[in-house]
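J.: Need a 3D model of the sequence below.
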Amino acid sequence: MIDWLQHSTPGLLTLAVVSIAVLLLLIIKFKVEPFIALIVVALLVALAAGVPTETLVGSAQKASDSLLEKGFGSILGHIAAIIGLGTLLGAILEASGGAQVLMDKLMHAFGEKKAPVAIGLAGLIFGVPVFFDIGIFVLAPLVYVAAKRSGKSIVLFSMPLLAGLSVMHAFMPPHPGPVAAAGLLKVSLGWIIIMGLAVAIPSWFVGGVLYSYWIGKRINVPVPEEMLVAAEAAREENGDREAPSLGLVLSIIGLPLVLILAGTFGSILLQKGSRPYSIATFFGTPAVALTISVLIAFWLLGFRRGMTREKIAELSAASLRPVAMILLVVGAGGFFGAVLAATGIGKTLAGELSDLGLPVIALAYVISCVIRIAQGSATVAIVTTAGIVAPVLADMNLSQPQLALVVMAIASGSIIASHVNDGGFWIVSRYFGLSVKETLQSWTVLETILSVVGFVVAALLSLVV
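T.: Reported below is the predicted structural model:
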């Protein structure tokens with residue numbers, strides 16, 4: 001029995017199926033933290049597959065070569081600095097009033113009739129540096145005011161905003177999902193940015209404009225008075241603060257993206273070993289690009305506008321606290337993927353999946369969708385799916401653009417059908433005063449549209465790159 005489990009194709013496939021089932025059971029049924037569940041399942045799979053203890057966890061004298069430390073370290077070494085710096089950049093932009101400036105300018109440019117589109121664009125732009133939930137906290141009060149002034153349903157104004165924040169969180173660095181997938185599948189963040197924009201913008205237009213206008217006219221939810229009181233309090237709190245210019249806000253958001261893209265194309269177009277190549281590579285390294293952007297933001301949006309060192313330190317500490325759990329989940333996912341590779345389960349699974357005849361981009365999407373719907377966390381869906389499909393990709397010699405599109409497919413699957421097991425579902429329901437039924441009719445359908453359109457665009461692009 002043990003030999004069959006460890007060395008036969010049916011046995012290894014059984015281990016793969018059981019491991020995913022146990023992972024979902026621990027998270028869904030027993031409410032185990034995802035990073036703990038991933039570690040437990042990875043350890044059990046490794047032991048069941050016959051991986052020697054020394055290979056799995058090392059020894060008391062040396063553990064650096066173990067699967068446990070390599071699995072965690074290889075991915076965290078790639079993403080920890082990027083996610084941390086991206087979080088700091090979003091925090092200083094939010095605290096400086098950058099979101100208010102962006103929203104005001106867009107509302108003025110588009111006018112009252114097209115206010116939902118303006119709000120959606122604000123979510124799309126501000127969603128680059130800030131996490132999804134932070135974007136809601138900051139921009140929701142502005143949605144309340146716009147909906148109240150128009151006398152129309154809050155759904156009409158909230159859905160475009162949510163679509164913009166959601167697609168940026170799913171597809172664009174420095175957000176944890178695409179950064180983690182890029183690290184696990186060894187894709188340049190420059191290509192992730194290019195393909196992320198190519199996928200995110202059409203998805204936002206279909207979901208955040210076309211669908212949002214349609215559903216906003218069919219679900220009439222007035223703005224609750226307590227939300228208007230909170231919005232007014234937030235406006236008064238920021239009323240005396242000098243707002244930064246729109247150009248400065250957009251420059252700080254765009255600077256790291258430009259530097260990373262310059263590094264990506266510099267590595268293609270410039271002669272390797274030349275001084276321009278070295279300069280482009282250095283400044284285009286994501287951690288370096290984000291460090292430069294954060295320092296500039298701290299100076300121009302913080303110190304020069306009256307923030308003290310103590311305030312900056314407090315802001316930084318508060319913004320980084322939520323990052324810890326994200327990094328733990330990603331690290332544990334990296335360990336799980338390393339175990340699948342070391343045990344041979346990954347290659348066996350890769351062979352069986354390839355025999356199904358589906359393109360790898362479709363397989364990645366379907367697996368990500370299943371894991372997302374089952375347990376709710378987009379990050380868990382991404383890191384688990386990336387670990388499963390990495391062996392499939394290893395022997396395919398895909399180009400960087402093609403790998404980036406596989407990441408887009410995984411990211412698309414990770415946001416499908418947000419429902420009651422997803423924390424984002426309850427944030428949307430609470431902040432916009434929607435019942436469970438109304439949230440399912442609007443937000444859940446919106447996320448599914450964003451997911452499907454994102455995958456379709458990625459699949460179509462994969463045919464031509």
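J.: which residues of the stretch 151-300 of the chain fall in helices?
T.: In the stretch 151-300 of the chain, the helices defined using DSSP state H, counting those that start in this stretch lie at 154-171, 176-185, 189-204, 212-216, 225-238, 246-269, 275-284, 286-297.
J.: So which elements touch the first one?
T.: So that's helix 154-171. helix 115-126, helix 132-150, helix 176-185, helix 189-204, helix 212-216, helix 400-413, helix 445-462 (3 or more CB pairs under 8 Å, 6 or more residues apart in numbering; DSSP states H and E). Quick note: C-beta positions are derived from backbone N, CA and C, even for glycine.
J.: Could you do the third one as well?
T.: Contacting helix 189-204 under the criterion 3+ CB pairs under 8 Å, 6+ apart are the following elements: helix 115-126, helix 154-171, helix 176-185, helix 246-269, helix 400-413, helix 445-462.
J.: Export these as TSV, with columns for mean pLDDT and mean neighbour count.
T.: TSV is the format used below for the helices and strands packed on helix 189-204 (pLDDT from 0 to 100; neighbours: other CB atoms under 10 Å):
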stretch	mean pLDDT	mean neighbour count
helix 115-126	95	25
helix 154-171	97	29
helix 176-185	95	26
helix 246-269	95	18
helix 400-413	98	27
helix 445-462	98	22
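J.: and of these, who's closest to Ser59?
T.: helix 176-185 (26.9 Å; CB to CB).
J.: Just the C-alphas of that closest one, formatted as CSV.
T.: What follows is helix 176-185, C-alpha atoms only, in CSV (Å, rounded to 0.1, in the frame of the first residue of the first chain):
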residue,chain,number,x,y,z
PRO,A,176,0.1,40.2,-2.9
GLY,A,177,-1.7,37.9,-5.3
PRO,A,178,0.0,38.8,-8.6
VAL,A,179,3.4,39.3,-6.8
ALA,A,180,3.2,35.9,-5.1
ALA,A,181,2.2,34.2,-8.4
ALA,A,182,5.0,35.9,-10.2
GLY,A,183,7.5,34.7,-7.6
LEU,A,184,6.2,31.1,-7.7
LEU,A,185,6.2,30.9,-11.5
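J.: What is it packed up against?
T.: Going by 3+ CB pairs under 8 Å, 6+ apart, helix 176-185 lies up against helix 67-95, helix 154-171, helix 189-204, helix 323-342, helix 378-394, helix 400-413.
J.: quick one, the fourth one and helix 378-394 angle?
T.: Yep, that's helix 323-342 we're talking about. 30 degrees (axes from the mean of the first three to the mean of the last three CA atoms, to 10 degrees).
J.: got the helices and strands packed on helix 176-185 as a markdown table, with distance to His419 columns?
T.: Listed next are the helices and strands packed on helix 176-185 as a markdown table, based on distance: least, CB to CB, whole Å:
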| stretch | distance to His419 |
| --- | --- |
| helix 67-95 | 26 |
| helix 154-171 | 14 |
| helix 189-204 | 19 |
| helix 323-342 | 20 |
| helix 378-394 | 13 |
| helix 400-413 | 15 |
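J.: Pick the most deeply packed of those helices.
T.: Ranked by mean neighbour count, these are led by helix 154-171 with a mean of 29 (mean count of other CB atoms under 10 Å).
J.: re earlier: and Thr291, which of the helices and strands packed on helix 154-171 is closest to it?
T.: Between Thr291 and the helices and strands packed on helix 154-171, the tightest spacing by CB to CB is seen for helix 189-204, at 14.3 Å.
J.: what about Tyr213, distance to Ile219?
T.: Counting by CB to CB, to the nearest Å, the gap between Tyr213 and Ile219 amounts to 12 Å.
J.: quick one on the thing from earlier: who wins for proximity to Leu15 among the helices and strands packed on helix 176-185?
T.: Proximity to Leu15 (CB to CB) singles out helix 323-342 among the helices and strands packed on helix 176-185, at 9.3 Å.
J.: counting contacts, what elements does the helix or strand following the closest one pack onto?
T.: Note on helix 323-342: by DSSP states H and E, the next helix or strand toward the C-terminus is helix 345-355. The helices and strands touching helix 345-355, judged by 3+ CB pairs under 8 Å, 6+ apart, are helix 9-28, helix 323-342, helix 360-375, helix 378-394.
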